[in-house]
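A.B. asks: how would this look folded up:
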Amino acid sequence: MKLSKFGEKFTGSSGIVELMDDLGVALSENPDMIFMGGGNPGRLPHVETVFQQRLEAIMANPDERHSLFGIYQSPQGDKEFLKQVAGFLNQQFGWSLSHRNIAVSNGSQSAFFVLYNMFAGDMKDGSEKSIHLPLAPEYLGYADTGLSDNFFTATKPTIELLDNQLFKYGVDFSRLQIDQSSAALCVSRPTNPTGNVLTDDEIEHLDQIAQANNIPFIIDGAYGLPFPGIIFTNAKPHWNDNTILVLSLSKLGLPGVRTGIVVANEEVINAYTTANTIVSLACGTLGPALAKELFKSGEILSLSNDHVAPFYKDGAETAAQWFREALHDLPFHIHKPEGAIFLWLWFDQLPISSQVLYERLKQRGY
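C.D. replies: Numbering: from 1, shown residues only. Next comes the predicted model:
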């Protein structure tokens, strides 16, 4: 089979493809395997009940049922849902948004594919632009989204050793370099998979750098603020006209409905919507239908703050203690659990590669 450069790239080996294959095996083909997440949210009965009640209400209403299953929504998303999201964000944080600042995607992964390739890659003038990640390690799923080579650059972090076998990554602003080839800055907050949460000062500093260089500042908030709020430190949401904030319903407990939310200035939203029409034709309806009333009532915050975040915070603290008890005499460090649904372990004297360790753990059923 002869493939194009696109075909070669997107059908070849990829870390995110291997991860999703492993998750599929763990969930459906090997029920005895100890499933340790990998980004799939846990089951929270109260949250599931809320979504069940909302779905039952939709199914009982013929007009809502038809809207859910029987018609295409706009590529930007259902207008009423966009208004509810904008109103919620304005009320909570004093932002000045309208429905024209919001777009829906079929999952945040597809949103990043469109956004990244809108800004970076082969440019019309023959130059090449890249997305800069100011704090690495970063989300594995970004790695192969670019349509051209040399699509990402990154800055190594500072490492602060803490008590109780913890450490923390930080942005090394002394080494962070932005030049004419930089198309955008992008961070995930909390970071998948380290659990790092950039401080408010780091976010403000990065925003200033982005504005000074006339490039957008992209924040992946799939685990973060304002929902699902899986952040265990003091942090505040960030948005302005130069920021592209990407949110998701997945970690709230709806990964299967594939709903991402893009918050940006109108020019970005218009460009994104046009590209999304070509890539996806239209957006899925189930996620917005289930969440619309949660934004209208503000219940999405109580679900996040009272149920989702405490569940993962307790789990992170418990798992960290288990590791300390099991590995107490080995040289290891745990990234300070500041958010998200992961623990990031650093074995600084490991005699094998992390890939070999991963394969061995799979063979043992973990």
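
A.B. asks: Residue 133 pairs with what?
C.D. replies: Counting by DSSP bridges, residue 133 forms beta bridges with residue 154.

A.B. asks: residues touching it, list them.
C.D. replies: With contacts defined as Cβ atoms under 8 Å, 6 or more residues apart in numbering, the neighbours of residue 133 are 142, 152, 153, 154, 155, 186, 187. Where C-beta positions appear, they are placed from N, C-alpha and C, glycine not excepted.

A.B. asks: do you know how far residue 126 is from residue 64?
C.D. replies: Using Cβ to Cβ, to the nearest Å, we find residue 126 at a distance of 51 Å from residue 64.

A.B. asks: For the two, indicate the residue with more neighbours.
C.D. replies: residue 64 (14 against 6; other Cβ atoms under 10 Å).

A.B. asks: Now the more buried one: which helix or strand?
C.D. replies: Here residue 64 sits within helix 62-69, counting by DSSP states H and E.

A.B. asks: again, but for residue 229
C.D. replies: Counting by DSSP H and E, residue 229 is found in no helix or strand.

A.B. asks: Give me the nearest residue to it, chain neighbours excluded.
C.D. replies: In this structure, residue 229 finds its nearest non-sequential neighbour in residue 304, 3.6 Å apart by Cβ to Cβ, 6 or more residues apart in numbering.

A.B. asks: again, but for residue 72
C.D. replies: Per Cβ to Cβ, 6+ apart, closest to residue 72 is residue 282, 4.3 Å.

A.B. asks: and that neighbour, which of the three is it?
C.D. replies: Look at residue 282: counting by DSSP: H, G, I helix; E, B strand; the rest coil, its state is coil.

A.B. asks: What is the subsequent helix or strand relative to the host helix or strand of residue 183?
C.D. replies: Taking DSSP H and E as the criterion, residue 183 maps to strand 182-188. Tracing the chain past strand 182-188, the next element assigned as helix or strand by DSSP H and E is helix 200-212.

A.B. asks: And the contacts of that following helix?
C.D. replies: 134, 170-171, 173, 176, 178, 184-185, 187, 189, 198, 216-217, 219, 234-236, 238, 240, 242-243.

A.B. asks: I'd like to know which of those residues are part of strands.
C.D. replies: Of the positions in these, 170, 184, 185, 187, 217, 219, 243 sit in strands, assigned by DSSP state E.

A.B. asks: Wait, the fourth one touches residue 136, no?
C.D. replies: It stands for residue 187. No. Here residue 187 does not reach residue 136: they are 10.2 Å apart, not a contact under Cβ atoms under 8 Å.

A.B. asks: could you redo the contacts of residue 133 as CSV and give each row distance to residue 265?
C.D. replies: Compiled in CSV, the contacts of residue 133 are given as follows (distance: Cβ to Cβ, whole Å):
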residue, distance to residue 265
142, 22
152, 24
153, 24
154, 26
155, 26
186, 16
187, 19
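
A.B. asks: how far is the helix holding residue 64 from where the chain is centred?
C.D. replies: 29 Å (Cα atoms, centre = their mean, to the nearest Å).

A.B. asks: same deal with stretch 55-74?
C.D. replies: Here stretch 55-74 is found 28 Å from its chain centre; the criterion is Cα atoms, centre = their mean.
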